[in-house]
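*Asks:* model this:
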Amino acid sequence: MISRGASSLLRVAAAPSRTAAAAASIRHLSSTLAPKQPNSTDKRQQPSQPVEADSTSALDYKLAHKLRKLPPLPSLEPPSLDAPQAVSNILYNTPPPSKAPFKRHTLNCLVQNEPGVLSRVAGTLAARGFNIDSLVVCGTEIRDLSRMCIVLRGQDGVIEQARRQLEDLVPVWAVLDYTNTKVIERELMLVKVSILGPEYFEESQQATSTPAGTPELIAERETDSSKPPTPTQPAPLTPTEALRVKSDNMRSVIALAEQFRGRVVDVSATSVIVEMSGKSSRCDAFLKLVRPFGILECARSGTMVLPRSPIPSSYAGAEDLFEDEVDAVDAGALPPG
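*Replies:* Numbering: from 1, shown residues only. I've put the predicted structure just below:
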């Protein structure tokens, strides 16, 4: 009985101590889980702890250091300019014109065979200020398709813009630029050359400019028939001498035509007509050589081009051994006459 009463007394004495220990453990757990709220005095007194380099350090740093409100950006008011200052500013900031060289461009247009196509193409080029050096239009083997070959001179960028504008036209199927392409270029030319000589050519030109049957010219011829010829006028030739001069000049013109692969298609008492075909540069060179004889008339068809067909080489590194065209004949290498 004594032992039972002592054990009950011990349990009653130990109960308050257990209750106090449980309360102390709960307070310790709540203090560890709840975030510590430091007062303003502690924040000013305690230095900031260094941020640990772990996976959540950046997030903790952002939570601890709130972003400050940025100051407003300065506003720049546009200056108020009057008309002269605005024009001066525009002229000063305008870029200089392009210094790209002007070169010859060849465009080949495939257009619909219908009325009004030529005027629309020419109007588009004229609106951009182009001077057409050559324009050839002809039908093709297809009934509703025509080919138009245009030769222009200008800068590469400007010509490319004009080409795109031509392609935007409704009756134009495609515009091909053959400037840097290997092509076969031909132009047909007919030129009438005098065989009387430079002096008589100038005299005939002056005579044709004045009507032959006017009373003033008849009276002048009657008064000048008794006077000796002046040094500026050619001396009259006998029929034999005139025939010899015409024969010599005609042989010289024929020799020039043969050098340029041309031929004489008409002969008269005072002139010959030469037909030749070739590149435009060769036609220009031929005209320069026959100009001393006297050019009465000249007609040129314009430039026509077709691209070359590629030929597969039989071995690697094969090169063309033949030139496209023979260079223009040098006037100094020709015989006199």
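*Asks:* could you chop this structure up by domain?
*Replies:* 103-181, 185-210+237-308 (automatic domain parsing).
*Asks:* rank those by mean pLDDT and give me the bottom one.
*Replies:* Note on the domains of the chain: lowest mean pLDDT is at domain 185-210+237-308, with a mean of 87.
*Asks:* end to end, how far does that one reach?
*Replies:* For domain 185-210+237-308, the first and last residues are 10 Å from each other (C-alpha to C-alpha, to the nearest Å).
*Asks:* repeat that for stretch 77-89.
*Replies:* 17 Å.
*Asks:* list the buried residues in the longest strand seen in the chain.
*Replies:* With secondary structure taken from DSSP state E, the chain has its longest strand at strand 183-194. Across strand 183-194, burial judged by 16 or more other C-beta atoms under 10 Å covers Val183, Glu185, Arg186, Glu187, Met189, Leu190, Val191, Lys192, Val193, Ser194. In short, each C-beta sits where N, CA and C put it, glycine included.
*Asks:* can you tell me which of the domains of the chain is nearest to Pro97?
*Replies:* Nearest to Pro97 among those is domain 103-181; the distance by C-beta to C-beta comes to 9.6 Å.
*Asks:* how long is that closest one from one end to the other?
*Replies:* Domain 103-181: ends 14 Å apart by C-alpha to C-alpha.
*Asks:* give the buried residues for the helix or strand where Ala255 lies.
*Replies:* Take DSSP states H and E as the rule and Ala255 turns out to sit in helix 239-259. Buried positions in helix 239-259, judged by neighbour count with 16+ other C-beta under 10 Å: Lys246, Asn249, Met250, Ser252, Val253, Ile254, Leu256, Ala257, Gln259.
*Asks:* leaving out chain neighbours, which residue sits closest to the second one?
*Replies:* Distances taken as C-beta to C-beta, 6 or more residues apart in numbering place Ile195 nearest to Asn249, at 4.1 Å, with adjacent residues excluded.
*Asks:* what about that neighbour, distance to Val290?
*Replies:* Distance of Ile195 to Val290, computed by C-beta to C-beta, to the nearest Å: 11 Å.
*Asks:* now do the shared contacts for these two.
*Replies:* Counting by C-beta atoms under 8 Å, 6 or more residues apart in numbering, the shared contacts of Ile195 and Val290 are Val253.
*Asks:* tell me the mean pLDDT for stretch 64-73?
*Replies:* According to the model, stretch 64-73 has a mean pLDDT of 74.
*Asks:* what's the end-to-end length of it?
*Replies:* Terminal-residue distance, stretch 64-73 (C-alpha to C-alpha): 27 Å.
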